[in-house]
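Student: What follows is a predicted structure for the sequence shown.
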Amino acid sequence: MSSPAEAPAPTLSTEPTEKAKFDIGAEPPQLSEMVGVSQDITAAADAAKSLGGDYAPMVAVALAGMAVAGGSKAWSFYRDRAEQKHEQEMQKLKMEAQSQGMEGQQPPPCQAATAKMQAEIDSIKSKIGSIEKKTSMISADFDGEDVERKIKRMKKRIDELFEIAEQK
């Protein structure tokens with residue numbers, strides 16, 4: 001029987017190995033595209049540059065972030081997105097109503113809210129009615145200041161009468 005062939009043991013050498021030279025082909029084309037920068041961001045960068053100092057780059061990044069997140073374009077984006085989301089919700093409710101065969105009627109959440117608001121309106125109307133009944137006894141030409149003046153005169157006259165009674 002023959003013995004299996006033994007593999008040569010790896011040798012460690014300190015000699016550098018030659019790197020293979022690869023042909024990477026032609027030089028890649030230089031890309032040159034301009035990216036538009038908002039005026040808010042350039043204003044923030046200019047403000048940070050005029051500040052100077054060690055923290056100018058951080059200030060520039062912070063100001064640019066604030067300009068991007070709170071700029072006029074961002075607010076118009078947020079507003080448009082909120083309007084679109086509202087429209088989507090309304091379309092969803094409309095589609096649900098149509099699928100439930102509620103042609104022309106309000107969806108159940110809207111019906112519940114309408115009923116609640118109508119109940120509140122009815123209670124307010126009844127309170128106003130009771131207040132009107134109580135105030136109907138007061139004439140239209142009632143003058144509260146005139147009543148106050150008469151009360152002050154009466155108090156003054158009463159004090160005078162007490163002084164006269166004490167002097168006797």
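Tutor: Nice, I can see it.
Student: Where do the helices of the chain begin and end?
Tutor: 39-51, 56-70, 72-99, 108-135, 144-167 (DSSP state H).
Student: Could you dump those into TSV and include mean neighbour count?
Tutor: C-beta coordinates here come from the backbone N, C-alpha and C atoms, glycine included. Shown next, in TSV, are those (neighbours: other CB atoms under 10 Å):
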stretch	mean neighbour count
helix 39-51	14
helix 56-70	15
helix 72-99	11
helix 108-135	10
helix 144-167	9
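Student: Make TSV out of those and add mean pLDDT.
Tutor: Listed next are the helices of the chain as TSV, based on pLDDT from 0 to 100:
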stretch	mean pLDDT
helix 39-51	70
helix 56-70	74
helix 72-99	85
helix 108-135	90
helix 144-167	91
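Student: Pull up the gap between Glu145 and Ile151, please.
Tutor: Glu145 sits 11 Å away from Ile151, taking CB to CB, to the nearest Å as the criterion.
Student: typo on my end, it should be Ser76
Tutor: In terms of CB to CB, Ser76 sits 62 Å off from Ile151.
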